[in-house]
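>>> what's the 3D shape of this:
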Amino acid sequence: MDPYREYQDYVMAYRLRRALGLPRRPLLSLAGYAGLRLERNRLAARLVEGHGTPALLKRLDTLSELLHYGFWSNPEALEAFLHHLPPAAPPLLSSPEAFEQLLTPSERRRLLEPGLAGRYYLGWLRLPRAMDPGTFEAILEEQEGLGQRLGLFLDAFHPVYE
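Prediction:
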């Protein structure tokens with residue numbers, strides 16, 4: 001995955017969780033995110049090499065949580081997130097346009113069409129209910145297409161110099 005897209009997904013997971021009142025931590029800068037992501041990669045490689053220890057596993061879990069790693073594409077993580085929501089869906093999850101309230105006005109202007117970011121991110125929330133492999137694969141394929149059209153819209157990637 002493109003590291004910039006991964007950061008954008010992290011920011012959107014962060015904004016959504018913050019808007020819904022879920023545990024708050026400071027938002028990581030792109031550089032801060034990249035440093036922790038590299039550390040997570042090194043630890044995962046050590047684990048694959050057979051050098052896993054309880055401390056390494058604990059740090060890997062901590063980093064995964066800090067980075068919201070796999071938040072959008074991991075059905076188990078999404079299920080846990082959805083489980084913590086009230087029975088009535090929060091307004092932000094009611095439509096793509098409502099979801100895009102999480103974007104700044106300049107970020108919304110960068111989208112190819114209104115609702116595109118909302119369709120992309122809300123589309124991931126279907127994964128936990130995709131019980132059969134065919135449906136799961138179809139959702140992933142649709143998400144990949146939307147993701148390609150979405151592009152990088154965060155203000156962090158488009159600094160404005162005054």
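>>> Below-threshold pLDDT in the protein: ranges please.
160-162 (pLDDT under 70).
>>> let's see 50
Scanning the chain for pLDDT under 50 picks out the ranges 162.
>>> all strands of it, in order?
With strands called from DSSP state E, the chain shows none.
>>> Show me the helices in it, by range?
Remark: helices assigned in the chain by DSSP state H are 3-19, 30-48, 54-66, 75-83, 96-99, 105-110, 116-124, 133-150.
>>> closest to Phe157 out of these?
helix 3-19 (6.5 Å; CB to CB). No exception for glycine: its C-beta is placed from N, CA and C like everyone else's.
>>> sorry, back to before: just name the most buried of the helices of the chain.
helix 116-124 (a mean of 21; mean count of other CB atoms under 10 Å).
>>> got the contact list for that one?
12, 16, 72-73, 78, 93, 95-100, 103, 107-108, 111, 139, 142-143, 146-147, 149-150, 153 (CB atoms under 8 Å, 6 or more residues apart in numbering).
>>> just stretch 129-144 next, same as before
Ser73, Pro75, Tyr120, Gly123, Trp124, Arg126, Leu127.
>>> Perfect, I'm done here.
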